[in-house]
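Peer 1: any chance you can model this:
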Amino acid sequence: MSEIQLYSAVLCRFAHRTRLALIEKGLPFKLVEIDLHNKPENFRDISPYGKVPVLKHGKNRIWESAIINEYLDETFPERPLMPKTPIQRSQARIWINFADTRLFTATGKVLYSRNQQSLAEGLQKLTKHLQFIEVGLQTLAAEPYWLGSEVSLVDLTYYPWFEQWTVLSHYRGFQFPNGLDRLKH
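Peer 2: Residues are numbered from 1 along each chain as shown. Below you'll find the predicted structure:
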C-alpha cells in the first residue's frame, strides 16, 4: 500500500471527518497540518480549491471530504463505512449532502452573522434543520448509530458538528431545541 497523506486543518470539520474515516478504517496516514490563514505558497498545487482536506494516495490526489471518504471506502473495502445496498447507500448520501448543503451552511450563517436579524434568521433555520434530522432519525430503527449498529460515513459527517456544539452555545447562545431526543443521543 502506498503512503496516504492527508492535508488538514485542526478546526476544519470537513478535514476532521476524513481523519475519522481513516482512523475507523485503521489506515495509517501522514497528517500534514495547514494553517489556513498562512497557507504554503505551493498549496494551490496541492489543493485546486485552496482548502482542506486533500488526500494524496500514491499518485492520486482527491479533495472534498465526502468524495475522499467514499474513495477510501471503495479503495479499502475492509471495515466498510457505507451500507451494502444501493438504496441504503443513496440514503447515506442524502444525509451527507444535507449536512454539507444545509446544516453546515446554516451553522456558518449563525457563527458569522454581523447583526441581530441575520443571527435570528440563522438560528431559526438551524433549528428547522435539526428538527428535520430528528424526524428522519425517528423513522430509522433504534440503533446506536445513524444507519444501524455500525458506524457509517453519515456518523463521521455529523460527529464534528456535534463536537463543536459548544462554540454555537457559548458564542451565539444557541440552545439545543426541546423535543430532539433521538438526535441528542
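Peer 1: for the longest helix along the chain, name the packing helices and strands.
Peer 2: The single longest helix within the chain, with elements called by DSSP state H, is helix 116-138. Using 3 or more Cβ pairs under 8 Å, 6 or more residues apart in numbering; DSSP states H and E as the contact definition, the elements that helix 116-138 packs against are helix 86-98, helix 104-111, helix 165-172, helix 181-184. (Each C-beta comes from the backbone N, C-alpha and C, glycine too.)
Peer 1: relative to the whole chain's centre, how far out is the second one?
Peer 2: In other words, helix 104-111. Distance of helix 104-111 from its chain centroid, counting by Cα atoms, centre = their mean, to the nearest Å, is 14 Å.
Peer 1: in it, which residues are buried?
Peer 2: Judged by neighbour count using 16 or more other Cβ atoms under 10 Å, the buried positions of helix 104-111 are 104, 106-107, 109-110.
Peer 1: and those, which is closest to residue 146?
Peer 2: Ranking these by separation from residue 146, with Cβ to Cβ as the measure, puts residue 104 on top at 16.1 Å.
Peer 1: hmm, residue 13 and that closest one touching each other?
Peer 2: Yes: with contacts defined as Cβ atoms under 8 Å, residue 104 counts as touching residue 13 at a distance of 7.2 Å.
Peer 1: what touches both of these two?
Peer 2: Counting by Cβ atoms under 8 Å, 6 or more residues apart in numbering, the contacts common to residue 104 and residue 13 are residue 161.
Peer 1: in this protein, which residue is most central in space?
Peer 2: For the chain, the residue lying nearest the average C-alpha position, counting by Cα atoms, centre = their mean, turns out to be residue 157 (3.0 Å).
Peer 1: which residues touch that one?
Peer 2: If you count contacts by Cβ under 8 Å, 6+ apart, residue 157 has them with 17, 66, 69, 95-96, 99-100.
Peer 1: just the buried ones from those residues, in ChimeraX syntax?
Peer 2: In ChimeraX, the members of these classed as buried (16+ other Cβ under 10 Å) are selected with the following command:
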select :17,66,69,95,96,99
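Peer 1: what's around residue 84, how many residues?
Peer 2: Other residues near residue 84 number 7, with proximity taken as other Cβ atoms under 10 Å.
Peer 1: thinking again about what came up before, of the buried residues of helix 104-111, closest to residue 129?
Peer 2: Distances from residue 129 to the buried residues of helix 104-111, taken as Cβ to Cβ, are shortest for residue 106 (5.4 Å).
Peer 1: isn't that closest one up against residue 129?
Peer 2: Yes: the pair formed by residue 106 and residue 129 meets the contact definition of Cβ under 8 Å, at 5.4 Å.
Peer 1: outside of the helix or strand of the chain with the lowest mean pLDDT, which residues touch it?
Peer 2: Lowest mean confidence among the helices and strands of the chain (mean pLDDT, DSSP states H and E): helix 181-184, at a mean of 80. Residues from elsewhere that reach helix 181-184, judged by Cβ under 8 Å, 6+ apart: 130, 133-134, 137-138, 176.
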